[in-house]
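>>> model the structure of this input:
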Amino acid sequence: MAPFRFRLEQVRLYRKQLEEQAMQALAQAVAHRNALKEHIAALHEALTEQHVRLSRVEALEAAERWLTQNYISGIKKDLQSAEIALEEAENAVDRCRIDLVQKAKERGLLDTLKEKQAAKHLQLEHQQEQRNYDETATLRYKSVAV
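Residues are numbered from 1 along each chain as shown. Just a heads-up that it's a prediction; the model follows:
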């Protein structure tokens with residue numbers, strides 16, 4: 001009997017490739033989200049430093065106080081923008097994760113089909129072997145009996 005050949009192997013390999021691409025997209029989305037989190041943490045730290053600096057009233061002149069207040073408002077705007085970007089990045093991570101799960105399911109279906117077809121092929125192969133053994137035994141028995 002011919003060796004097992006899965007007819008949808010090219011489709012299975014293509015779906016596996018799509019799954020790997022989805023994994024890479026998820027990894028990039030997670031890396032981007034983590035970078036935004038670090039950026040937000042740095043902005044919070046800078047904001048805290050400037051508030052501490054501003055709280056030392058006697059140490060600042062009017063011009064320095066005005067610059068510090070403007071710097072704080074700039075940091076707050078940057079922080080708002082970064083938080084919006086973080087929310088979008090979280091959504092992108094969720095979309096990538098859902099896409100990856102879908103791609104894995106699609107590939108998994110073909111893997112399951114391949115396994116079932118391989119098992120069926122193996123069973124048919126064993127049945128054919130058994131028929132050959134039975135036929136050989138029958139022929140030997142007939143030649144000995146004659």
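>>> longest helix in this structure, by residue count?
Criterion DSSP state H: the longest helix present in the chain is helix 62-145.
>>> state the mean pLDDT of it.
Regarding helix 62-145, the rounded mean pLDDT is 92.
>>> which other helices and strands contact that helix?
Applying 3 or more C-beta pairs under 8 Å, 6 or more residues apart in numbering; DSSP states H and E, we find helix 62-145 packed against helix 9-55. All C-beta atoms are positioned from the backbone trio N, CA, C, and that covers glycine.
>>> I'd like to know which elements the helix it packs on is packed against.
Counting contacts by 3+ C-beta pairs under 8 Å, 6+ apart, helix 9-55 packs against helix 62-145.
>>> picking that back up, okay, the angle between the longest helix of the chain and helix 9-55?
On the basis of axes from the mean of the first three to the mean of the last three C-alpha atoms, to 10 degrees, helix 62-145 is oriented at 160 degrees to helix 9-55.
>>> mind listing what's buried along stretch 79-93?
For stretch 79-93, a neighbour-count test (16 or more other C-beta atoms under 10 Å) marks 79, 82, 86, 89, 92-93 as buried.
>>> wait, which of those residues is closest to Asn132?
Distance to Asn132, by C-beta to C-beta, is smallest for Val93 among the buried residues of stretch 79-93, at 57.5 Å.
>>> ok, that closest one - contacts?
The contact partners of Val93, by C-beta atoms under 8 Å, 6 or more residues apart in numbering, come to 26, 29-30, 33.
>>> tell me the pLDDT at the closest residue to Ala85 other than its chain neighbours?
Nearest in space to Ala85, with sequence neighbours left out and distances taken as C-beta to C-beta, 6 or more residues apart in numbering, is Leu36 at 5.6 Å. pLDDT, Leu36: 97.
>>> quick check, Leu36 in contact with Ala82.
Yes: counting by C-beta atoms under 8 Å, Leu36 does reach Ala82; the two are 6.1 Å apart.
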